[in-house]
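Q: no FASTA, just this:
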């Protein structure tokens, strides 16, 4: 059984930073592609960033590129999302996801395990 537990969300002023963590159990993060998604109120869940199984490939949505960094620590079986220069439009619940289906995807349907989410609120 795979469990993903996110942490690190909170309230921050525009221009500030947060680091989200996603601790995995039941699967080694070094063996699977993983991603971060977010969902704002009234909007669909959207892709934010992904990292492939050997951490050699990362992918970001255009609006967060150069501000957010996805990384992992295999010793802690955890992936991270470092978010800098946060903007009010970044306000959302952030979810981490893991795929056992193979492929490196920006689609929610490309992932079969999800965490419960962590709230990020950016004030202007």
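A: Cool, the structure landed. In this text the structure is predicted, and so the values were computed from the model without any measurement.
Q: and the gap between the residue nearest the centre of the chain and residue 75?
A: The centre of the chain sits closest to residue 36, judged by CA atoms, centre = their mean, with a distance of 2.3 Å. Here the criterion is CB to CB, to the nearest Å. By it, residue 36 lies 20 Å from residue 75. Every residue, glycine included, has its C-beta placed from N, CA and C.
Q: Give me the secondary structure label for the residue nearest to the centre of the chain.
A: Put simply, residue 36 is strand when judged by DSSP: H, G, I helix; E, B strand; the rest coil.
Q: was I right about it contacting residue 48?
A: Yes: the pair residue 36 / residue 48 is scored as a contact, 4.3 Å apart, by CB atoms under 8 Å.
Q: got the end-to-end distance for stretch 114-124?
A: One end of stretch 114-124 to the other measures 30 Å (CA to CA, to the nearest Å).
Q: Pull the residues that contact it.
A: Applying CB atoms under 8 Å, 6 or more residues apart in numbering, the external contacts of stretch 114-124 come out as 4-14, 16, 18, 20, 22, 38-39, 83, 86-97.
Q: got it, and stretch 37-47?
A: Residues contacting stretch 37-47 (CB under 8 Å, 6+ apart): 35, 48, 61, 90-97, 106-108, 117, 120.
Q: Quick check: the two most widely separated of the residues you listed?
A: Spatial extent of those (CB to CB) is set by the pair 91 and 107 at 22.6 Å.
Q: Those two: which has the busier surroundings?
A: Using other CB atoms under 10 Å, the more surrounded residue of residue 91 and residue 107 is residue 91, with 18 against 11.
Q: Is residue 5 in contact with residue 26, as I believe?
A: No: taking contacts as CB under 8 Å, residue 5 lies outside contact range of residue 26: 11.3 Å.
Q: Give me the distance between the two termini of stretch 87-95.
A: Across stretch 87-95, the terminal residues are separated by 18 Å (CA to CA).
Q: same question, stretch 63-74
A: 28 Å.
Q: so how far is that stretch off the chain centroid?
A: 8 Å (CA atoms, centre = their mean, to the nearest Å).
Q: ok, and what's touching that stretch?
A: 28-30, 34, 36, 48-51, 55, 58, 60, 78-86, 89-90.
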